[in-house]
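1. Kindly generate the corresponding structure for this input.
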Amino acid sequence: MTAIPTATTPTATHAVAERIRAAGRDRRGALVGYLPVGFPDLAGSIEAALALAAAGVDVLEFGLPYSDPVMDGPVIQAATQRALAGGFRLRDAFTAVREVTAAADMPVLLMTYWNPVLQYGADRFAADLAAAGGAGLITPDLIPDEAGEWLAASDATGLERVFLAAPTSSEGRLRTAARSSRGFVYAVSTMGITGARADVDSAARTLVGRLRQHATEPVCVGIGVSTPQQVTGILDYADGAIVGSALVAALDGGVERLRDTAGALAAGTLCRAEDVRPVD
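-> Now for the predicted structure:
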């Protein structure tokens, strides 16, 4: 079994961009993995996150379960609803981040809709996340033009902030998302909800090219990425590939299955697409 990289510092400030750039120097690029906090339960989600670190995932997105997940596909929705039914509370997210960052050298971002942060208080949320060793936030429903409170809070704490860019975004919106992001810019491969797809939309390549004109931070592609071959293909033109639903579905079959799936996906950061074995 691969050893879990051991954390060396209590904080992960600016760790995401640095880790993605290091993956680009050492391999084809980075693998970013998503799992919901509290699925199958809090302890199980922490164990699963550590399994991703051991399998070679570079950056973790820990998703906050939310009652109205408008962007999430059926696999992630089912997992987050199970977490909520099991009693997930927002404070559990900070516990999970603290446990993972204490045990593994893997930057952890929280992925959350904006309303929970707003209700908690942006300054308080940022301070508690930084204290837990978190790297920052991905905010899928928050655009930079409306993110003044979060921009100020993340500046004050040094947290990274990841905004989304879509193939339909105007040039002005892409420029704002690229210049406001820290850690990476999240390039949405295709319009719609999350979930595994047979092919990642070719619009992703065009979108990344457009973002390169404005971004100084790495650009990672997500939505619909589920196979090692897709990871390899994305890393031909992007800095990282983001996998969510495929990992959540694997975890539903147990941590060992998750570890095997993540290991196969991580192999996509090393090889040519034709050399990568498929996920079982």
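2. and the nearest residue to Arg98 once chain neighbours are set aside, what is it in contact with?
-> In space, and not counting its chain neighbours, Arg98 is closest to Ala132: 4.2 Å by Cβ to Cβ, 6 or more residues apart in numbering. The way it works is simple: take the backbone N, C-alpha and C, and place the C-beta from them, glycine included. Listed by Cβ atoms under 8 Å, 6 or more residues apart in numbering, the contact set of Ala132 reads 94-95, 97-98, 101.
3. For Ala132, grab phi and psi.
-> When quoted as degrees, to the nearest 10, the phi and psi of Ala132 stand at phi -80, psi -10.
4. picking that back up, which of the contacts of Ala132 has the most neighbours?
-> When neighbours are counted by other Cβ atoms under 10 Å, Val97 leads these with 27 neighbours.
5. just how off-centre is the helix or strand containing that residue within its chain?
-> Val97 is part of helix 90-103 when elements are defined by DSSP states H and E. How far helix 90-103 lies from its chain's middle: 15 Å, per Cα atoms, centre = their mean, to the nearest Å.
6. which other helices and strands contact that helix?
-> If contacts are counted by 3 or more Cβ pairs under 8 Å, 6 or more residues apart in numbering; DSSP states H and E, helix 90-103 sits against helix 42-55, strand 59-63, strand 108-111, helix 122-131.
7. hmm, 10 Å instead?
-> Contacts defined by 3 or more Cβ pairs under 10 Å, 6 or more residues apart in numbering; DSSP states H and E place helix 90-103 against helix 42-55, strand 59-63, strand 108-111, helix 114-120, helix 122-131.
8. between that helix and helix 122-131, how big is the angle?
-> Relative orientation of helix 90-103 versus helix 122-131 (axes from the mean of the first three to the mean of the last three Cα atoms, to 10 degrees): 30 degrees.
9. Give me the average confidence score over helix 90-103.
-> Mean pLDDT, computed over helix 90-103, is 97.
10. now stretch 239-252
-> For stretch 239-252, the mean pLDDT works out to 96.
11. If we go by neighbour counts, what in it is buried?
-> Neighbour counts over stretch 239-252 (16 or more other Cβ atoms under 10 Å) mark 239-251 as buried.
12. first to last residue in it, what's the distance?
-> 28 Å (Cα to Cα, to the nearest Å).
13. With adjacent residues omitted, what lies nearest to Ala104?
-> Spatial nearest neighbour of Ala104, chain neighbours left out: Ala53 (3.9 Å); criterion: Cβ to Cβ, 6+ apart.
14. That neighbour: neighbour count?
-> By other Cβ under 10 Å, 24 other residues sit near Ala53.
15. Arg82 now?
-> Neighbour count for Arg82, taken as other Cβ under 10 Å: 17.
16. What distance do you get for it to Arg179?
-> Distance, Arg82 to Arg179, by Cβ to Cβ, to the nearest Å: 38 Å.
17. element containing Trp150?
-> Trp150 is located in helix 148-157, with elements delineated by DSSP H and E.
18. Centre of the chain to that helix, how far?
-> 20 Å.
19. One more: stretch 34-49?
-> 14 Å.
20. Check which residues of it are buried.
-> For stretch 34-49, burial by neighbour count (16+ other Cβ under 10 Å) applies to 34-40, 42, 44-49.
21. Of all pairs in those, which one is the farthest apart?
-> Within the buried residues of stretch 34-49, Tyr34 and Leu42 form the most distant pair, 16.9 Å apart (Cβ to Cβ).
22. Contacts only, for the nearest residue to Ile46 once chain neighbours are set aside.
-> The shortest distance from Ile46 to any residue other than its chain neighbours is 4.8 Å, reached at Glu99 (Cβ to Cβ, 6+ apart). Applying Cβ atoms under 10 Å, 6 or more residues apart in numbering to Glu99 gives the contacts 42-43, 45-47, 49-50, 108, 132-133.
23. Tell me the spacing between Ala103 and Leu137.
-> On the measure of Cβ to Cβ, Ala103 and Leu137 end up 21 Å apart.
24. Any chance of the backbone angles for Arg212?
-> Main-chain dihedrals, Arg212, degrees, to the nearest 10: phi -60, psi -20.
25. give me every residue that touches the residue lying closest to it once chain neighbours are set aside.
-> In this structure, Arg212 finds its nearest non-sequential neighbour in Val219, 6.8 Å apart by Cβ to Cβ, 6+ apart. With contact taken as Cβ under 10 Å, 6+ apart, Val219 is in contact with 20, 165, 178, 181, 184-187, 204, 207-212, 237-240.
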